[in-house]
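> kindly generate the corresponding structure for this input.
(one chain, ligands or ions: 1)
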Amino acid sequence: MKDIRVRFAPSPTGPLHIGGARSALFNFLLARKYGGSVILRIEDTDLERSSRESEKDIMDSLRWLGLSWDEGPDIGGPYGPYRQMERLDIYKKYVEKLFEKGYAYHCYCTEEELEQQRQELLAKGEMPRYTGVCYGLSEEERRKREEEGRKPVVRFRVPQDRIIEINDLVRGKVSFESSGIGDFIIVKSDGVPTYNFAVVVDDHEMGITHVIRAEEHLSNTPRQVLLYEALGLTPPEFAHISLILGKDRSKMSKRHGATSINQYRREGYLPEAMVNFLALLGWSPEGEEEVFSVDQLIERFSMDRVAKSPAVFDLEKLRWLNGVYIRNSDLERIAGLALPYLQEAGYASENPGPEEWERIKNVVEAVREYLGALSEITEHVRIFFETQFDFEDEKAAAVLREEQVPAVMEALKSKLAGVDSLDKEGAKKLLKEVSKEVKLKGRKVFMPIRVALTGMTHGPELHDIIPLLGAEEVIRRVEASMAKVRE
Ligand code: GLU
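Got it, this is the predicted structure:
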């Protein structure tokens, strides 16, 4: 088999989105599985909407996800340049070939003329398309138009009455009738090629073997296949992966959650969770397992398990997966990633020293199991940093008015007196002793202590909270909370 060469071909007209990242991932997985190459090509021919800033965002997001490439505008490679606007000379040669073979012609129609042609076709009940008004213009007719100051575009002459069949790796056989396709523009009047043309030239020139892209490009594929044919070239394999829908089954948009990768990054999603989640948007593994490292994905990925039906974007599932990675990753790393959120909330200093860092790690450890995204950490750790708090509601305050509470608090304070350092095990032991002393168990003992220390009836484990607050602060909070309910 020929070595696999795939490409990510983003248009730098905005940040990298979920859909683009998923296409990039599937290309990456296929290439890495078979030892092929990944090419990053920037499709910047939309001059108005393209920017270097978007290009940078896309590359940063791909790097963050760990989706590496082997050739690209930043690292070069044997088939460069890798930005389309730097390849204009290459396209010119192909346009010439098409002219020579009679497949290309200049078109001078103005917007108004095109609109009029459209209306005429519609009136006849025909599909609006360019039917070739300027095809076969004589030299003289062309000169006349040029003298009028008209700037031509180049159109591709679409052969009529052809059935174009595509053997899509995801969708199977798909056929199109060429008669529905008008003669389309391949070079705009400013000399810049259009997407359908540039993509064919580049995929051929760069030796691309597999084109894996979003379903919305399926309708472009017959145009591209006709161009390959006209140029006497063999098209690559195509795989069109299905749309991504929101949970309400409408096309994924901002309403369903953030759409750009950098937004997820900012909210504290881990790249490996993102990759895992993106892989499941359209690909399904054998078996029930859903948590996969990128290496496992590379091992298991195959195009024949990529679904034809739309993928549904489920933010809750992403939060769940992210939570799995937050819980299972190295604490030092998770604390490091959580630090900016703590700093922003004023809970951590700019450069924590060793002692503060230890405490931060313990705080993160105590709450990480509750997090879907790291940015949520600030709500969960408030209890460790804010010494003044109110009871969350009347129900919480009522807990402290139960009759056993004074005895529980006395026992707790007396056990804590004189203790200067406590760890998790020490705290567990201490809580048991309190229980024993008041001859009560479970909720009756632990709930009042929880409310006295945090103002809430839920939250991290008491044996995590107590060491983090320290004996002195625990006693202070107990006294303050009890005073409040006595008021
Ligand atoms: N530049 C196109 C896009 O961003 C790429 C389409 C393709 O993969 O052929 O949608």
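
> quick check: Phe184 touching Tyr130?
Yes: with contact defined as CB atoms under 8 Å, Phe184 reaches Tyr130; the gap is 7.1 Å. Every residue, glycine included, has its C-beta placed from N, CA and C.

> between the two, which contacts overlap?
Arg155 (CB atoms under 8 Å, 6 or more residues apart in numbering).

> OK, contacts around the closest residue to Pro152 other than its chain neighbours?
Counting by CB to CB, 6 or more residues apart in numbering, His106 is the residue found nearest to Pro152 once chain neighbours are left out, at 3.8 Å. By CB under 8 Å, 6+ apart, His106 lies in contact with Cys134, Leu137, Arg142, Pro152, Val153, Val154, Arg155.

> how about the residues of the stretch 51-200 of the chain by the ligand?
Val199 (CB under 6 Å from any ligand atom).

> residue of the stretch 51-200 of the chain nearest the ligand, please.
Scanning the stretch 51-200 of the chain for proximity to the ligand using CB to the nearest ligand atom identifies Val199 as nearest, at 4.9 Å.

> that residue: neighbouring residues, count only.
A count of nearby residues for Val199, using other CB atoms under 10 Å, gives 25.

> so it touches Thr45, yeah?
No: using CB under 8 Å, Val199 is not in contact with Thr45; the gap is 9.7 Å.

> for Ser421, grab phi and psi.
When read as degrees, to the nearest 10, the backbone of Ser421 gives phi -140, psi 140.

> ah, wrong one, I meant Ser175
The phi/psi pair for Ser175 (degrees, to the nearest 10) is phi -120, psi 150.

> for the residue nearest to it when sequence neighbours are not counted, which three-state class applies?
The shortest distance from Ser175 to any residue other than its chain neighbours is 4.7 Å, reached at Glu165 (CB to CB, 6+ apart). What DSSP: H, G, I helix; E, B strand; the rest coil gives for Glu165 is strand.

> what residues are up against Glu165?
So Glu165 contacts Lys173, Val174, Ser175 (CB under 8 Å, 6+ apart).

> so the first one sits against Ile163, correct?
Which is Lys173. No: contact criterion CB under 8 Å: Lys173 and Ile163 do not qualify, at 10.9 Å.

> check contacts around Ser309.
Ser242.

> for it, give me the pLDDT.
pLDDT for Ser309: 93.

> would a markdown table of the contacts of His106 with pLDDT, secondary structure and neighbour count be doable?
Putting those into a markdown table (pLDDT from 0 to 100; DSSP: H, G, I helix; E, B strand; the rest coil; neighbours: other CB atoms under 10 Å) gives the following:
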| residue | pLDDT | secondary structure | neighbour count |
| --- | --- | --- | --- |
| Cys134 | 96 | coil | 19 |
| Leu137 | 95 | coil | 17 |
| Arg142 | 95 | helix | 16 |
| Pro152 | 97 | coil | 18 |
| Val153 | 98 | strand | 19 |
| Val154 | 98 | strand | 20 |
| Arg155 | 98 | strand | 24 |
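
> return the member of these nearest to Gly207.
Proximity of the contacts of His106 to Gly207 (CB to CB) peaks at Val154, which lies at 25.4 Å.

> give the burial count for the closest residue in space to the closest one that isn't next to it in sequence, as a bare number.
Among residues not flanking Val154 along the chain, Val187 sits closest, at 3.9 Å (CB to CB, 6+ apart). By other CB under 10 Å, 24 other residues sit near Val187.

> the helix or strand that contains Tyr264 packs against which elements?
Here Tyr264 sits within helix 261-266, counting by DSSP states H and E. Applying 3 or more CB pairs under 8 Å, 6 or more residues apart in numbering; DSSP states H and E, we find helix 261-266 packed against helix 52-65, helix 271-279.

> can you list contacts of stretch 388-405?
Residues contacting stretch 388-405 (CB under 8 Å, 6+ apart): 382-383, 438, 440, 444-445, 447-448, 451-452, 454-457, 481-482, 484-485.

> ugh, wrong one, I meant stretch 15-29
6-8, 10, 38, 54, 57-58, 61-62, 65, 67-68, 210, 212-214, 239, 241, 244, 252, 259-263, 274-275, 278-279, 281-283, 297-298, 301, 306, 311, 313.

> now the residues you listed: which count as buried?
Among the contacts of stretch 15-29, those that count as buried by neighbour count (16 or more other CB atoms under 10 Å) are 6-8, 10, 38, 54, 57-58, 61-62, 65, 67, 210, 212-213, 239, 241, 244, 252, 259-263, 274-275, 278-279, 281-283, 297-298, 301, 306, 311, 313.

> poorly predicted segments of the protein, please.
Flagging of the chain using pLDDT under 70 yields the residue ranges 1.

> if we use 90, what do you get?
Applying pLDDT under 90 to the chain flags the ranges 1-2, 126-127, 131, 179-180, 247-258, 417-422, 441, 485-487.

> show me the strands in it, by range?
5-8, 37-40, 104-107, 153-156, 163-168, 172-177, 185-187, 210-214, 237-241, 244-245, 311-312 (DSSP state E).

> what packs against the last one?
Pointing back at strand 311-312 there. strand 244-245.

> picking that back up, overlap in contacts, Val199 and Thr45.
In contact with both Val199 and Thr45: no residue, using CB under 8 Å, 6+ apart.

> in contact with the nearest residue to Val478 once chain neighbours are set aside, which residues are there?
In space, and not counting its chain neighbours, Val478 is closest to Ala452: 4.9 Å by CB to CB, 6+ apart. By CB under 8 Å, 6+ apart, the residues touching Ala452 are Leu400, Met409, Arg477, Val478, Ser481, Met482.

> then Arg213?
Ala9, Ser23, Ala239, His240, Ile241.

> surely the first one meets Asp44?
No: checked against CB under 8 Å, the pair Ala9 and Asp44 is beyond contact range at 10.5 Å.

> returning to that earlier point: select only the buried ones of the contacts of stretch 388-405 in ChimeraX?
Restricted to buried positions by 16+ other CB under 10 Å, the ChimeraX selection for the contacts of stretch 388-405 reads:
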select :382,383,438,440,444,445,447,448,451,452,454,455,457,481,482,485
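
> show me the contacts of stretch 388-405 that map onto helices.
382-383, 438, 444-445, 447-448, 451-452, 454, 481-482, 484-485 (DSSP state H).

> looking at those residues, which is nearest Glu229?
Of all these, the one with the least separation from Glu229 (CB to CB) is Arg382, at 65.3 Å.

> neighbours of Thr46, just the number please.
Wrong residue type there; residue 46 is Asp, not Thr. If we define neighbours as other CB under 10 Å, then Asp46 has 14 of them.

> kindly apply the preceding question to Leu30 instead.
Neighbour tally, Leu30, other CB under 10 Å: 23.

> one more: the one 3 residues further on?
Here the number of neighbours of Lys33 (other CB under 10 Å) works out to 16.

> cool, and Glu267?
Neighbours of Glu267 using other CB under 10 Å come to 17.

> any idea how far it lies from Ser260?
Relative to Ser260, Glu267 is positioned 11 Å away (CB to CB, to the nearest Å).

> cool, Leu416 as well?
49 Å.

> tell me which parts of the stretch 201-350 of the chain are close to the ligand?
Close to the ligand, as judged by CB under 6 Å from any ligand atom, the stretch 201-350 of the chain has residues Arg213, His217.

> my guess is Ser51 meets Pro12, correct?
Yes: applying CB under 8 Å, one finds Ser51 in contact with Pro12, separated by 6.1 Å.
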